[in-house]
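*Asks:* build me a model from this:
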Amino acid sequence: MARAIWTGSLSFGLVNVPIGVYAATEDKTIHFNQLERGTSDRIRMRRVNERTGEEVALADIVKGYDLGGGRYVVVEPGELEAVEPGRSNTIEIVDFVDLAEIDPVFYKSAYYLAPKGRDAGKAYALLRQAMAEAARVGIATFVMRGKQHLVAIRPDRQVLTLETMYFADEVRDPATELETLPPSDLEFTGREVETAKLLIDAMAAEWNPEQYRDTYRDAVEELIDRKARGEVVSVERPAEPAAPVVDLMEALRASVEQIREGRAASSRASSTRSPAAGATAAAPAADRRPKSAPDKKPAAAAKAPPGISLGDLRDRAAELGIAGRSKMSRAALETAVADAEAAVEPKPARRKAS
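*Replies:* Numbers count the residues shown, from 1 in each chain. Have a look, this model is predicted:
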């Protein structure tokens, strides 16, 4: 069960809703410890005086703001505490704005807001529904973990989501920061624009976050699993070919054709795999069993094909609704997938005695 990282109330006008703030995302980056090569000894970092090379106690370390030229303004912990904002007890919405007006570059991190206690549920649900129907986002500031945050509170299908945001002076102006931006008055022919739009239309799809994966993380996890099993892993990396210099219009045209041909082939393959109408009902039950299913073997003994990647294995586990798959080892995943596939496998029809 999620734990609140901040509790207080959400207010708009004279209405106060007791709420808790919960993390909406989790970091699944694979983290490593540093070891001395050839040993299992962890490497620890020390706080060392760069001039003398001697270790310094934490109590003797102060903060210094670099003025340049070797000059620093030293700030004591007590001095910082005196100017820190006090802990907020309320997230007070000061404005409601149109969501489309906020540039996504301002967003930092997402959190969920949940009502604290049953009595807060009605006011919470009313605010969420009213904001959704008005297509408005609440803007507020509050203090969490000793830092003041600008936040946007937006309605989702089930929950109010709080997005921490950058302040205006923290967002860089691309026009002044980037020297290679094309001029704003650059003109294109109608044919160029229409062809580019054709490519965009050909690649259009509905947003489905489940179809995107961190393939690098999958590869690292598979590397760890293989090395844990004692395999010797090749570290050769294929050279990346240089990008060819092509005509812009020709590249756009070729891209549109490639996308169309790829989707047409995919559609033909799907229709070929689909059984003809009535074929499922007419075919004997034994014939409908997947050919790859093992005969007279316990499900736990079945393993995924050696060539299947860990990412594909996890995709299959997701299709079968296997819980906890993201934390399973490859071996545990293979067993769970085999068990689940055996559970849904149709049993062969019994022959009637003649």
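
*Asks:* contacts, neighbours, all on C-alpha from now
*Replies:* Noted.

*Asks:* what residue spans form the domains of this structure?
*Replies:* 6-26+84-170, 189-203+248-273, 296-344 (automatic domain parsing).

*Asks:* output the ones you listed as TSV; include the columns distance to residue 228.
*Replies:* What follows is the domains of the chain, written out as TSV (distance: least, CA to CA, whole Å):
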stretch	distance to residue 228
domain 6-26+84-170	25
domain 189-203+248-273	37
domain 296-344	11
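
*Asks:* just so I know, which of those domains lies nearest residue 221?
*Replies:* Closest of the domains of the chain to residue 221 is domain 296-344, at 7.6 Å (criterion: CA to CA).

*Asks:* hang on, the earlier thing: now mean pLDDT, distance to residue 66 and mean neighbour count too, for the domains of the chain, in JSON lines please.
*Replies:* Below are these laid out as JSON lines (pLDDT from 0 to 100; distance: least, CA to CA, whole Å; neighbours: other CA atoms under 10 Å):
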{"stretch": "domain 6-26+84-170", "mean pLDDT": "91", "distance to residue 66": "20", "mean neighbour count": "16"}
{"stretch": "domain 189-203+248-273", "mean pLDDT": "81", "distance to residue 66": "48", "mean neighbour count": "13"}
{"stretch": "domain 296-344", "mean pLDDT": "67", "distance to residue 66": "44", "mean neighbour count": "15"}
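
*Asks:* who wins for proximity to residue 236 among these?
*Replies:* Among the domains of the chain, domain 296-344 comes nearest to residue 236, with 18.3 Å by CA to CA.

*Asks:* so which of the domains of the chain is nearest residue 44?
*Replies:* Ranking the domains of the chain by proximity to residue 44 (CA to CA) places domain 6-26+84-170 first, at 26.1 Å.

*Asks:* do me a favour and get the end-to-end distance for that closest one?
*Replies:* 24 Å (CA to CA, to the nearest Å).

*Asks:* distance from it to the middle of the chain?
*Replies:* Centroid separation for domain 6-26+84-170 versus its chain: 21 Å, with CA atoms, centre = their mean, to the nearest Å.

*Asks:* the helix or strand harbouring residue 312 - contacts with which helices or strands?
*Replies:* Per DSSP states H and E, residue 312 falls inside helix 310-319. Packing partners of helix 310-319 (3 or more CA pairs under 8 Å, 6 or more residues apart in numbering; DSSP states H and E): helix 215-228, helix 330-344.

*Asks:* now do the phi/psi pair for the nearest residue to residue 113 once chain neighbours are set aside.
*Replies:* Closest residue to residue 113 apart from its sequence neighbours, by CA to CA, 6 or more residues apart in numbering: residue 21 at 4.9 Å. For residue 21, the backbone dihedrals are phi -110, psi 130 (criterion: degrees, to the nearest 10).

*Asks:* ok, and what's touching the host helix or strand of residue 162?
*Replies:* Using DSSP H and E, residue 162 sits within strand 160-165. Under the criterion CA atoms under 8 Å, 6 or more residues apart in numbering, residues 106-114, 128, 149-155 lie in contact with strand 160-165.

*Asks:* longest helix in the chain, by residue count?
*Replies:* If you go by DSSP state H, the chain has its longest helix at helix 248-273.

*Asks:* which secondary structure elements does it contact?
*Replies:* So helix 248-273, by 3+ CA pairs under 8 Å, 6+ apart, packs with helix 190-202.

*Asks:* for stretch 160-178, measure first residue to last.
*Replies:* End-to-end span of stretch 160-178 (CA to CA): 36 Å.

*Asks:* centre of the chain to that stretch, how far?
*Replies:* 20 Å.

*Asks:* circling back to that earlier point, which of the helices and strands packed on helix 310-319 sits closest to residue 254?
*Replies:* helix 215-228 (27.1 Å).

*Asks:* report the buried residues of that closest one.
*Replies:* Buried residues in helix 215-228, counted by 16 or more other CA atoms under 10 Å: 218, 221-222, 225.

*Asks:* which pair in the residues you listed has the greatest spatial separation?
*Replies:* The largest separation in the buried residues of helix 215-228, counting by CA to CA, is between 218 and 225 at 10.5 Å.
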